[in-house]
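>>> missing the sequence, but the structure's below:
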């Protein structure tokens, strides 16, 4: 049996919309990372860029499991004294896009292809997004947070 390698003509980039209402952050991040990499396609190859575009809406309604509201998300500017720590509780109110993007980035491979794939991720606070002309398909995450029930 020969190994299948997708040709550039075989690679397509579909558009998906994920509603983040009452979805746990880790579950949302793994689903988005799998769609960005293209692991839902039969033509998946880890070295080829066959990923999809992912739009996440209602980012402010995401659920955090455990005691994550008090924990911090760290970022460093590269300069001395440039460590920045924001708690997940603050980020949920002010900038939930950064929290989701950091979680998805951590679940992508650490290579050059991950930067291209992360560029296809779009996150919005509200239910509206400007990508309706691309006709994105609704991708439903069936399991929601236990606290939301």
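Done, it's in. Since the model is a prediction, treat every value here as computed from it, not as a measurement. Numbering: from 1, shown residues only.

>>> residues contacting residue 140?
residue 19 (CB atoms under 8 Å, 6 or more residues apart in numbering). (Glycine included, C-beta is placed from N, CA and C.)

>>> would you list the phi and psi of it?
In terms of degrees, to the nearest 10, the main-chain angles of residue 140 are phi -100, psi 130.

>>> ok, it to residue 102 distance?
Residue 140 sits 24 Å away from residue 102, taking CB to CB, to the nearest Å as the criterion.

>>> what's the biggest helix in this structure, counting residues?
Longest among the helix segments of the chain by residue count, using DSSP state H, is helix 25-37.

>>> in it, what counts as buried?
Along helix 25-37, the positions that meet the burial threshold by neighbour count (16 or more other CB atoms under 10 Å) are 25, 27-29, 31-37.

>>> grab the nearest non-local neighbour of residue 135.
residue 15 (6.9 Å; CB to CB, 6 or more residues apart in numbering).

>>> got a list of what the one you found touches?
Contacts were defined as CB under 8 Å, 6+ apart; by that measure residue 15 touches 52-53, 55, 131, 134-137.

>>> where does it land on pLDDT?
As summarised for this prediction, residue 15 has a pLDDT of 97.

>>> for it, phi and psi?
Dihedral angles (degrees, to the nearest 10) for residue 15: phi -110, psi 130.

>>> where in this protein is pLDDT low?
148-149 (pLDDT under 70).

>>> which residues in it form strands?
Ranges of strands within the chain are 15-19, 53-57, 72-76, 83-87, 121-123, 137-139, based on DSSP state E.

>>> out of the ones you listed, which is closest to residue 106?
Between residue 106 and those, the tightest spacing by CB to CB is seen for strand 72-76, at 10.5 Å.

>>> residues contacting that closest one, please?
Around strand 72-76, the neighbours that count as contacts under CB under 8 Å, 6+ apart are 82-88, 91, 98-99, 102.
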